[in-house]
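Enquirer: here's my sequence, what's the structure:
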Amino acid sequence: MAHNRSEIPHHHERRLLQRLRDAGWVKASKILATPSFIEKLVAKGWIERSIIDGLICYRITDQGLAAKKMPI
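Expert: Down below sits the predicted model:
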């Protein structure tokens, strides 16, 4: 059954958080997600953005790790 609680990541959010886990900073071009989807995760505080060598990069935050570990 699907959930409607925004603090619990759904499948696509969990997949992206898993991809970023233990990867450090990942270039935006390597993330297979729409900009609006990424912005939602940034707004939730689950990932953070930085510009490194002129490229936009993302990494998972401690809050994102905790969210990924939440039971469905």
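Enquirer: now do the SS call for the closest residue to T61 other than its chain neighbours.
Expert: If you skip the residues right next to it in sequence, T61 has E48 as its closest partner in space, 5.4 Å away by Cβ to Cβ, 6 or more residues apart in numbering. (C-beta placed from N, C-alpha, C; glycine too.) Each residue gets one of three states, and E48 gets strand by DSSP: H, G, I helix; E, B strand; the rest coil.
Enquirer: need the contact list for the closest residue to A28 other than its chain neighbours.
Expert: Leaving aside its chain neighbours, A28 sits nearest to I56 (4.3 Å; criterion: Cβ to Cβ, 6+ apart). The neighbours of I56, taking Cβ atoms under 8 Å, 6 or more residues apart in numbering as the test, are 27-28, 49-50.
Enquirer: what about stretch 52-71, how long is it end to end?
Expert: Counting by Cα to Cα, to the nearest Å, the length from the leading to the trailing residue of stretch 52-71 is 34 Å.
Enquirer: the protein: helices as residue ranges?
Expert: With DSSP state H as the definition, the chain shows helices at residue ranges 11-20, 35-44, 62-68.
Enquirer: want to throw the ones you listed into JSON lines with mean pLDDT and mean neighbour count?
Expert: Below are the helices of the chain laid out as JSON lines (pLDDT from 0 to 100; neighbours: other Cβ atoms under 10 Å):
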{"stretch": "helix 11-20", "mean pLDDT": "93", "mean neighbour count": "16"}
{"stretch": "helix 35-44", "mean pLDDT": "95", "mean neighbour count": "14"}
{"stretch": "helix 62-68", "mean pLDDT": "94", "mean neighbour count": "16"}
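Enquirer: quick one, phi/psi of the nearest residue to C57 once chain neighbours are set aside?
Expert: Once its chain neighbours are removed from consideration, C57 has its nearest residue in W25; the separation is 4.1 Å (Cβ to Cβ, 6+ apart). With angles defined as degrees, to the nearest 10, W25 shows backbone torsions of phi -80, psi 130.
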